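[1] structure, please.
(chains A and B)
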Amino acid sequence: MKRVYLDHIAATPLDPQVLEAMLPYLQEQFGNPQSLHSPGQEALAAIQEARSRVAQLIGAEDSEIFFTSSGSEANNFAVKGMALARREKGQHLVVSSVEHQSVLHSVKSLEKFGFSSTLVPVDKDGLVDPEDVKRACRKETALVSVILASSEVGTIEPLTEIARVCRSAGIPLHTDAVAAAGNIPLDVRKLEVDALSLAADQFYGPKGSAALFLRKGTRILPFIDGGIQEGGRRGGTENVAGIVGMGKAAELALTKLAERRERLRSLRDRLIEHLPLKVDRVYLTGHREKRLPHHASFCVEFIEGESMLLNLDMKGIATSSGSACTSKALKASHVLLAMGIDHALAQGSLVFSLIDSTTAEDIDYLLDVFPPIIDRLRKMSPLYTKFLEENTK
Amino acid sequence: MIYTDKVMDHFQNPRNVGVVKDADGTGQVGNPVCGDMMTFTIKVKDNKLEDVKFQTFGCGAAIAVSSIVSEMAMGKTLEEAMKITNESVATELGGLPKNKLHCSNLGADALHAAIEDYKKKKMGEAASSRPKETAPHPEECHCPYCDGPLEGLEGICSSCHVELEECPHCGNLTKKGGEKCAKCGAEMKAE
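    Here you go, the predicted structure:
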């Protein structure tokens, strides 16, 4: 059976060059970077080189990169660490309503320790208005965190404008760039953010390897205490192979990004334009233009996401959904609800995210198998029957 | 795979999909808010279910549950059909993921609602003959938010720390202070 992988937001395949770079550090180069002997020092040199490459990907300095085990950890580290480091100034947080759960739940955790928070709304395309961020900020706001691009709807937020608001208010700004980094050009100096999370598995690097950029001079509490690693801010023996892999993936992303972005954008547009022509009552979610180049997300009316996802999988197509049934928590995507999409429609969420090897044939295959699946599921749906009855009367 | 082969079989080849023509009874349960909604229509002849059809908006489990309920009920007397429980449906399917038990396993309820509807319509019977609805999972409850086991009703899930309260409309647990019940979708406006 033909297999088409359209779930970039869940994981990207490992680039063979990345694997090659990692292998020695899983085999003969096993030294601990903190050891003073040669095997240790060689491992240290390898992670420092990786640090430099990750820094280059986002225009940072080497000393501003802190490796973590995941994007979620980087988000926890930033939100909790930066907020707690500034708690004498105030215990108020401002975050957008479309943040990843790792940001939202970090905020919830802080609320148990006396912090309060303001959720900034988004418009129907999932865009945050920088003026709303300005209104939400108070004298006692310790941190603002706004996602750079949503993995659920692909919308890219106006971070430069939001950073301007934060800068003039004197409040540090973190951005979760996990879905964006390595896929669109990012420069932390131009963005003027104080902290930024990124993860290797979103740009053809290994899972379990991610990083937090922290602008020099930005205060943060250590996330894992008791180690000298990562400047004492994130203790624990380094995941050397993973870090080396992230470094190689960052280097490759920098060279391939422009070409990859153009190519995937045109395939993405083909999908966005043709899917609603193939099936009626399918709606694009997220902003049409300001979106990730590899991201096409929709809501299909009258049917539920998991049933579509399973049917697509039977045709060899791997995708994601933000429906309640596909989430373990059985809640519809908070991102879709924040955009004003009603519960029933949000249940029909589907996210197609393209990878480097996606071809025009893959997109055409999807466009071919999609309509009969929807037709079959709609015939099974009481909501569709009701709709048809109401429209034939 | 999170589902058993039998669930996948019923999901891929659902039996008795559709709406019975000139149905004698119709039952509907669930709400798109929590992801699942089921409609059963039945045809009754000589106190037996001559035809049973369903329509379902929902996940793989919800579709499989509806399908197997229609199969289990077909040809049964009304009394026998009323004895089909959500638990027996889950067992018949070889089990369901824990977090789907509360939300998706509503097939027997939908069938019973259709039978009740028939009785009301045709026989003018009071709904009192309906067996008292039991809580779906009295022994082992799971948090609707994190799938962690719920011990007692202290109002907070020990696994994910979500504060819970009973929905006044359907009696199931939902998040305290939430806008809508996770189970029945009813508004949960704080007084």
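[2] so residue A:48 is in contact with residue A:62, correct?
    Yes - between residue A:48 and residue A:62 there is a contact under C-beta atoms under 8 Å: 7.2 Å. For glycine as for every other residue, the C-beta is placed from the backbone atoms N, C-alpha and C.
[3] okay, whichever strand or helix holds residue B:80 in PDB with CA atoms only?
    Using DSSP states H and E, residue B:80 sits in helix B:78-82. Taking Å, rounded to 0.1, in the frame of the first residue of the first chain, the C-alpha atoms of helix B:78-82 are listed here in PDB:
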ATOM      1  CA  LEU B  78     -37.900  -5.600  23.800                       C
ATOM      2  CA  GLU B  79     -37.200  -7.100  27.200                       C
ATOM      3  CA  GLU B  80     -34.100  -8.800  26.100                       C
ATOM      4  CA  ALA B  81     -32.900  -5.700  24.300                       C
ATOM      5  CA  MET B  82     -33.400  -3.600  27.400                       C
END
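[4] what's the next secondary structure element after it?
    Next element after helix B:78-82 (DSSP H and E): helix B:86-92.
[5] confirm residue B:100 sits in a helix?
    Yes - per DSSP: H, G, I helix; E, B strand; the rest coil, residue B:100 lies within a helix segment.
[6] any idea how far it is from chain A?
    As judged by C-beta to the nearest C-beta, to the nearest Å, residue B:100 and chain A stand 8 Å apart.
[7] got the contact list for the nearest residue to that residue once chain neighbours are set aside?
    Among residues not flanking residue B:100 along the chain, residue B:61 sits closest, at 4.3 Å (C-beta to C-beta, 6 or more residues apart in numbering or on different chains). Residue B:61 is in contact with A:325, B:3, B:7, B:11, B:96, B:97, B:100, B:104, B:105, counting by C-beta atoms under 8 Å, 6 or more residues apart in numbering or on different chains.
[8] most surrounded residue in these?
    Counting neighbours by other C-beta atoms under 10 Å in any protein chain shown, residue B:104 leads the contacts of residue B:61 with 30 neighbours.
[9] do you know the pLDDT at residue B:107?
    At residue B:107, the pLDDT value in this model is 91.
[10] do the same with residue A:70
    Reported pLDDT for residue A:70: 97.
[11] chain A: strands as residue ranges?
    Assigned by DSSP state E, the strands in chain A fall at A:4-5, A:65-68, A:92-96, A:116-120, A:141-145, A:173-176, A:195-199, A:210-214, A:282-285, A:295-300, A:317-318, A:349-353.
[12] on that earlier part again, show the pLDDT at the residue nearest to residue B:100.
    Residue B:61 is given a pLDDT of 91.
[13] for residue B:87, same thing?
    88.
[14] in chain B, what spans have low per-residue confidence?
    Across chain B, the ranges flagged by pLDDT under 70 are B:34, B:102-103, B:123-175, B:177-185, B:188-191.
[15] re the thing from before, tell me which element the residue nearest to residue B:100 is part of?
    Per DSSP H and E: residue B:61 is located in helix B:60-73.
[16] list the neighbouring strands of the helix or strand where residue B:42 lies plus their orientation.
    For residue B:42, the host element (DSSP H and E) is strand B:36-45. Under the criterion DSSP bridges, strand B:36-45 sits next to strand B:25-31 (antiparallel), strand B:48-57 (antiparallel) in its sheet.
[17] just the buried residues of stretch A:69-87, please?
    Neighbour counts using 16 or more other C-beta atoms under 10 Å in any protein chain shown place A:69-86 of stretch A:69-87 among the buried residues.
[18] so which elements touch the helix or strand harbouring residue B:11?
    Following DSSP H and E, one finds residue B:11 within helix B:5-12. For helix B:5-12, the packing partners by 3 or more C-beta pairs under 8 Å, 6 or more residues apart in numbering or on different chains; DSSP states H and E come out as helix A:305-314, helix B:60-73.
[19] tell me the most buried of the strands paired with strand B:36-45?
    strand B:48-57 (a mean of 23; mean count of other C-beta atoms under 10 Å in any protein chain shown).
[20] turn the strands of chain A into JSON lines, including distance to chain B and mean neighbour count.
    What follows is the strands of chain A, written out as JSON lines (distance: least, C-beta to the nearest C-beta, whole Å; neighbours: other C-beta atoms under 10 Å in any protein chain shown):
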{"stretch": "strand A:4-5", "distance to chain B": "18", "mean neighbour count": "22"}
{"stretch": "strand A:65-68", "distance to chain B": "23", "mean neighbour count": "26"}
{"stretch": "strand A:92-96", "distance to chain B": "18", "mean neighbour count": "25"}
{"stretch": "strand A:116-120", "distance to chain B": "14", "mean neighbour count": "19"}
{"stretch": "strand A:141-145", "distance to chain B": "21", "mean neighbour count": "27"}
{"stretch": "strand A:173-176", "distance to chain B": "21", "mean neighbour count": "30"}
{"stretch": "strand A:195-199", "distance to chain B": "23", "mean neighbour count": "30"}
{"stretch": "strand A:210-214", "distance to chain B": "23", "mean neighbour count": "30"}
{"stretch": "strand A:282-285", "distance to chain B": "16", "mean neighbour count": "20"}
{"stretch": "strand A:295-300", "distance to chain B": "12", "mean neighbour count": "27"}
{"stretch": "strand A:317-318", "distance to chain B": "14", "mean neighbour count": "18"}
{"stretch": "strand A:349-353", "distance to chain B": "11", "mean neighbour count": "27"}
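[21] all good on my end, thank you.
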